[in-house]
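Visitor: Give me a 3D structure for the following:
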Amino acid sequence: MLQISGATWAATIGLVVVLLVIDLVLSGIRPHRVGFREATAWSVFYVAVAVAFGVWFGMTYGGDAGTQFFAGYIVEKSLSVDNLFVFVIIMTTFAVPEEYQHKVLTFGIVLALIMRAIFIALGATLLSLFSFMFLVFGLLLIYTAVQLFRHRNEDPDVEDNAVVRGARRVLPITTEYVDGRIITKVDGRRVLTPLFVVLIAIGSIDLLFALDSIPAVFGVTAEPYIVFVANAFALLGLRALFFLVKGLLDRLVYLSTGLSIILGFIGVKLILHWAHEDVSPGVPEISTAMSLVVIVAVLVVVTVASLIKTKGDPTMKAHAGSLRAHKQKATEPGRGET
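Guide: Numbers count the residues shown, from 1 in each chain. Now for the predicted structure:
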């Protein structure tokens with residue numbers, strides 16, 4: 001295990017908090033429609049910060065540690081793109097005005113970081129105490145990969161979310177967005193706005209993605225510090241990336257297929273690691289370098305194949321994928337017949 005000092009942990013968390021504060025300030029004091037140039041600049045900035053950190057980390061803690069960080073970062077970044085699909089679906093379903101999408105995305109990122117920090121601590125504890133958790137995580141990822149592949153041409157049904165339905169049933173909620181507020185007054189009575197329901201939907205989706213992404217990154221590295229920074233840097237650029245690629249998302253028709261392959265591959269890697277440790281040292285393991293090559297190769301292939309496919313058939317539309325079937329989505333004509 002890497003020996004990460006308390007000062008390094010504190011400095012890293014401080015950097016993440018500073019970047020989050022910048023995001024919160026930008027989204028809070030000046031709500032506006034984010035243009036392509038602004039989204040590009042912020043996306044490049046966050047990627048540059050992650051790359052600079054990875055270079056420093058590799059030089060300080062060794063090349064293998066640096067490779068683990070970049071592998072984990074790429075895994076989490078690819079999963080975060082699928083997360084963007086769902087954010088787009090939520091924004092569209094609830095007709096969130098563009099000037100308020102800043103606030104919703106920043107909330108989603110903050111909540112995702114908190115949830116993943118909790119799951120990282122829990123996952124690291126379980127893996128250190130029970131080696132068979134590598135087997136459990138591996139089987140979980142393979143199950144997720146199979147389900148995602150089976151329902152790759154579908155989208156999560158946000159309206160069918162139990163938490164969202166419950167909130168609408170028991171809470172007083174207006175029909176209009178009111179200056180980006182969560183709570184407002186109608187006839188002297190405090191009521192919630194649709195923005196509250198949107199935040200509930202984002203939070204529940206963040207929870208589901210955390211359940212998948214944490215086992216996935218633990219398949220690349222068992223170092224809690226690397227797992228944390230890979231998640232943090234992948235999520236910090238999510239807001240800018242949303243505005244940069246939301247017009248491109250519809251064209252990534254094979255992304256769900258690619259993610260299912262990546263999750264299945266990492267699941268097999270975890271099971272092999274468990275077998276190597278608990279069954280026989282003769283069981284081969286998949287190296288971090290090989291994992292990085294496979295993950296990058298899959299992402300490149302599915303991106304190029306998606307762009308070629310949609311260029312030949314502009315009617316094709318991508319989907320986020322779902323872990324369970326939704327009949328009304330699956331039978332929708334002309335959507336994602338891949």
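Visitor: where in the stretch 201-338 of the chain is pLDDT low?
Guide: Counting by pLDDT under 70, the stretch 201-338 of the chain shows low-confidence ranges at 246-249, 318-338.
Visitor: Tell me which stretches of it form helices.
Guide: 224-236, 238-245, 255-278, 288-312, 327-330 (DSSP state H, counting those that start in this stretch).
Visitor: Need the winner for burial among the ones you listed.
Guide: helix 224-236 (a mean of 25; mean count of other Cβ atoms under 10 Å). C-beta here means a position set from N, CA and C on the backbone, and glycine is covered the same way.
Visitor: CA atoms only: put that helix into PDB for me.
Guide: Taking Å, rounded to 0.1, in the frame of the first residue of the first chain, the C-alpha atoms of helix 224-236 are listed here in PDB:
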ATOM      1  CA  PRO A 224      -8.100   4.300  -1.500                       C
ATOM      2  CA  TYR A 225      -6.200   7.500  -2.300                       C
ATOM      3  CA  ILE A 226      -6.000   6.800  -6.000                       C
ATOM      4  CA  VAL A 227      -9.700   5.700  -6.000                       C
ATOM      5  CA  PHE A 228     -10.600   9.000  -4.400                       C
ATOM      6  CA  VAL A 229      -8.600  11.300  -6.700                       C
ATOM      7  CA  ALA A 230      -9.600   9.400  -9.800                       C
ATOM      8  CA  ASN A 231     -13.300   9.900  -8.900                       C
ATOM      9  CA  ALA A 232     -12.800  13.500  -7.800                       C
ATOM     10  CA  PHE A 233     -11.000  14.700 -11.000                       C
ATOM     11  CA  ALA A 234     -13.400  12.800 -13.200                       C
ATOM     12  CA  LEU A 235     -16.400  14.400 -11.600                       C
ATOM     13  CA  LEU A 236     -15.000  17.900 -11.300                       C
END
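Visitor: Which strands and helices lie in contact with that helix?
Guide: Under the contact criterion of 3 or more Cβ pairs under 8 Å, 6 or more residues apart in numbering; DSSP states H and E, helix 224-236 touches helix 6-29, helix 36-61, helix 63-93, helix 98-129, helix 194-218.
Visitor: how far is it from where the chain is centred?
Guide: Chain-centre distance of helix 224-236: 11 Å, with Cα atoms, centre = their mean, to the nearest Å.
Visitor: Please work out which residues outside it touch it.
Guide: Residues outside helix 224-236 that contact it (Cβ atoms under 8 Å, 6 or more residues apart in numbering) are 2, 4, 8-9, 12, 16, 19-20, 23, 46, 49-50, 53, 57, 65, 68-69, 72-73, 75-77, 79-80, 109, 112-113, 116-117, 120-121, 123-124, 213-214, 217-218, 220-221.
Visitor: and with 6 Å instead?
Guide: 4, 16, 19, 46, 50, 68-69, 72-73, 76-77, 80, 109, 112-113, 116, 120, 124, 217 (Cβ atoms under 6 Å, 6 or more residues apart in numbering).
Visitor: Stretch 274-288 too?
Guide: 67-68, 71, 131, 134-135, 269, 272-273.
Visitor: Quick check: the farthest pair among these?
Guide: Pairwise distances across the contacts of stretch 274-288 peak at 24.4 Å for Thr67 and Leu135 (criterion: Cβ to Cβ).
Visitor: about what we covered before: adding distance to Gly264 and mean neighbour count, write the helices and strands packed on helix 224-236 out as CSV.
Guide: Shown next, in CSV, are these (distance: least, Cβ to Cβ, whole Å; neighbours: other Cβ atoms under 10 Å):
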stretch, distance to Gly264, mean neighbour count
helix 6-29, 30, 14
helix 36-61, 26, 15
helix 63-93, 13, 21
helix 98-129, 19, 18
helix 194-218, 11, 21
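Visitor: Done for today, thanks.
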